[in-house]
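> The sequence and its predicted three-dimensional model are supplied below.
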Amino acid sequence: MNIYEYDEKHNIISNIAKRWQENNWLNFGKGSFEYDVNNNCVLENWEIANNNNWENWFRILYEYDDNNNLIHQYGEEWENDKWTPENELLKVTNPDGILYGYSAKEIFLFYRNLTSIRSEKNTPDGFILLQNYPNPFNPSTNIIYSTPEDGTVVVKVFDVLGRELATLVNDVISAGKHSVLWNGNNFASGIYFYSVTFKNQTLYKKMLLIK
């Protein structure tokens, strides 16, 4: 369960995530959000509950250019009483309004005016695994990947100990972008990993289930 708080401009300024445990809703994570004068989010700060106390967890910082275009994102994790670089979910909305998620320490974005138009390829240039969406999620999320040609694809989910929990796909898949749903309804809150294997290459990412 998530409880949201908004400001007068309808921006989310607080997000409290709770999970059902021992017949009670218990605090799990709390996010706070700060915005600049142009209504752009400049800081996303998350805390995690520990024995009824909130402790630093991770944060994402955002920078914009003079045209309010996002140009820099940076993820950090609270470790050993200080902020350290860490792979976090960094979300980017492209000029077409499509949202992408990446697990990365840092992202730089550059913009330039359109100079030419060419035909778009029907298949991607390579084998790509995107961040699951939504993330964090409860109880279902989409795992998104693309392949440059037809071939056998295997999609699996693991726990933090590396134990295989589910095989979502094991079949010959056509070239292009695909999405497969994983339902974590029967699993506890926490970090999980998913992998996609194509032509002897395996890509991994992590995801967060919050109940």
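That came through fine. Remember, predicted model here, so these are calculated numbers, not experimental data.
> any low-confidence regions in the protein?
94-99, 112-125 (pLDDT under 70).
> Need the residue closest to the centroid of it.
The centroid of the chain falls nearest to L89 when counting by C-alpha atoms, centre = their mean (4.0 Å).
> who's in contact with it?
By C-beta atoms under 8 Å, 6 or more residues apart in numbering, the contact set of L89 is I60, G75, G101, Y102, S103, Q131, N135. (C-beta placed from N, C-alpha, C; glycine too.)
> For I13, see how far away the fifth one is.
Using C-beta to C-beta, to the nearest Å, we find S103 at a distance of 25 Å from I13.
> circling back to that earlier point, put together CSV for the contacts of L89, with distance to V157 and neighbour count on each row.
Output for those, formatted as CSV (distance: C-beta to C-beta, whole Å; neighbours: other C-beta atoms under 10 Å):
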residue, distance to V157, neighbour count
I60, 25, 21
G75, 23, 21
G101, 17, 18
Y102, 19, 16
S103, 16, 19
Q131, 14, 20
N135, 13, 18
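> got those residues as JSON lines, with secondary structure and distance to L209 columns?
JSON lines is the format used below for the contacts of L89 (DSSP: H, G, I helix; E, B strand; the rest coil; distance: C-beta to C-beta, whole Å):
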{"residue": "I60", "secondary structure": "strand", "distance to L209": "19"}
{"residue": "G75", "secondary structure": "strand", "distance to L209": "19"}
{"residue": "G101", "secondary structure": "strand", "distance to L209": "15"}
{"residue": "Y102", "secondary structure": "strand", "distance to L209": "19"}
{"residue": "S103", "secondary structure": "strand", "distance to L209": "15"}
{"residue": "Q131", "secondary structure": "coil", "distance to L209": "14"}
{"residue": "N135", "secondary structure": "coil", "distance to L209": "9"}
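> May I see the domains of this structure written out as residue ranges?
2-108, 128-209 (automatic domain parsing).
> Between its first and last residues, how far does the first one reach?
Its first and final residues considered, domain 2-108 spans 30 Å by C-alpha to C-alpha, to the nearest Å.
> Thanks again, I'm all set now.
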